[in-house]
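In: Got a sequence here, can you build the structure:
(one chain, ligands or ions: 1)
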Amino acid sequence: MAQIIDGKLISKQIKDELKGKVESLKSEGKEVCLAVIQVGCDPASTVYVGNKKKACEYIGIKSIAYELPEETTEEELLGIISKLNNDDNVHGILVQLPVPKHINEEHIINAISPAKDVDGFHPASVGALSIGKKGFVSCTPAGIIQLLKRSGIEIEGKDCVVIGRSNIVGKPMAMLLLRENGTVTVCHSKTKNLKEVCKRADILVVAIGKPKMIDASYVKEGATVIDVGIHRNENGKLCGDVDYDAVEPVAGAITPVPGGVGPMTIAMLMNNCVEAVL
Ligand code: NAD
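Out: You can find the predicted model right below:
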């Protein structure tokens, strides 16, 4: 039976550690503050923003919410970001993506000061990660590294295969595994012999966005399988990119969906907010 990597438990441990740090910062007169901006009222974004606010409350981080109407212009949004960049009482700035189509997402990401870029999406943050310098790291892949480390799974020298090359998951995941001295292969939609490549992996990270695509035939006996995907099936139940029931008997360790990678993303966002003050 595979070791079940419990993201709910590990994310709670991280949030509780952060609670302590936030309290001691408060006693030094420093109040950690995150500004969260949502443009429009996409229901999924409203849920994500709500969860981020709840996590802030739990840890003791002050959150300032900007709920802007759909018709907000790019100029107006850039104006708010500029104000927040210059506000010493605000340590992290997060613009919930996606923004409405009339706003250029890249302009928004680029406008956030790298010192307050708690999502880790700014090109300066991405560049810092690639050259091994200090900077904010995209929260989902940073959370996966914590899951591995806190579950006692060694990365150094291991064959790590990442499926997916998105800017927010696949690419930073590959850079982080490399930073931990893994031997990293990145697969994507044009990869040939995907199964064979995946079968070499000691650690397989799956971020494809296709429900239950990865079955046992992609997995080496005893491998660690990290499932980033989140989907709702026809019965309204959550599932991942990995066919959990088929893969679990083959894997050495595996993350469930829900309760695996998902809770780690917010925990690492909170971690980045605290890091922004330290
Ligand atoms: P994306 O659509 O931006 O990227 C998907 C990647 O998968 C692409 O690089 C593509 O080349 C690759 N791909 C697509 N089809 C493939 C195939 N048949 N074979 C091999 N590679 C293939 O997605 P993303 O933003 O990286 O997200 C991936 C999944 O993770 C989604 O289900 C998303 O909802 C989920 N996600 C979860 C969290 C979390 O907190 N748990 C965070 C971000 C994303």
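
In: which strands and helices sit next to the helix or strand of the chain with the lowest mean pLDDT?
Out: Every helix and strand in the chain was compared by mean pLDDT, DSSP states H and E; the lowest is strand 231-232, with a mean of 93. On a contact count with 3 or more CB pairs under 8 Å, 6 or more residues apart in numbering; DSSP states H and E, strand 231-232 meets strand 238-239. Yep, even glycine has a C-beta here, placed from its N, CA and C like the rest.

In: Which neighbouring elements make contact with the strand it packs on?
Out: Strand 238-239 makes packing contacts with strand 231-232 when contacts are defined by 3+ CB pairs under 8 Å, 6+ apart.

In: Now name the helix or strand holding residue 184.
Out: Using DSSP states H and E, residue 184 maps to strand 183-187.

In: those helices in this structure, which residues are they?
Out: Here the chain has its helices, by DSSP state H, at 7-27, 43-59, 74-85, 105-111, 123-130, 139-150, 170-179, 194-199, 244-247, 262-277.

In: among those helices, which is nearest residue 208?
Out: helix 170-179 (9.0 Å; CB to CB).

In: from the chain's centre, how far out does the closest one sit?
Out: Helix 170-179 sits 12 Å away from the centroid of its parent chain (CA atoms, centre = their mean, to the nearest Å).

In: Residue 59 is in contact with residue 19, correct?
Out: Yes - if you go by CB atoms under 8 Å, residue 19 and residue 59 touch, sitting 5.1 Å apart.

In: the more surrounded of these two?
Out: residue 59 (23 against 15; other CB atoms under 10 Å).

In: Would you convert the helices of the chain into JSON lines that also reports mean pLDDT and distance to the ligand?
Out: Listed next are the helices of the chain as JSON lines, based on pLDDT from 0 to 100; distance: least, CB to the nearest ligand atom, whole Å:
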{"stretch": "helix 7-27", "mean pLDDT": "98", "distance to the ligand": "9"}
{"stretch": "helix 43-59", "mean pLDDT": "96", "distance to the ligand": "9"}
{"stretch": "helix 74-85", "mean pLDDT": "98", "distance to the ligand": "22"}
{"stretch": "helix 105-111", "mean pLDDT": "98", "distance to the ligand": "13"}
{"stretch": "helix 123-130", "mean pLDDT": "98", "distance to the ligand": "14"}
{"stretch": "helix 139-150", "mean pLDDT": "98", "distance to the ligand": "4"}
{"stretch": "helix 170-179", "mean pLDDT": "98", "distance to the ligand": "5"}
{"stretch": "helix 194-199", "mean pLDDT": "98", "distance to the ligand": "6"}
{"stretch": "helix 244-247", "mean pLDDT": "98", "distance to the ligand": "14"}
{"stretch": "helix 262-277", "mean pLDDT": "97", "distance to the ligand": "4"}
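
In: out of these, nearest to residue 209?
Out: Proximity of the helices of the chain to residue 209 was assessed by CB to CB; the nearest stretch is helix 170-179, lying at 10.4 Å.
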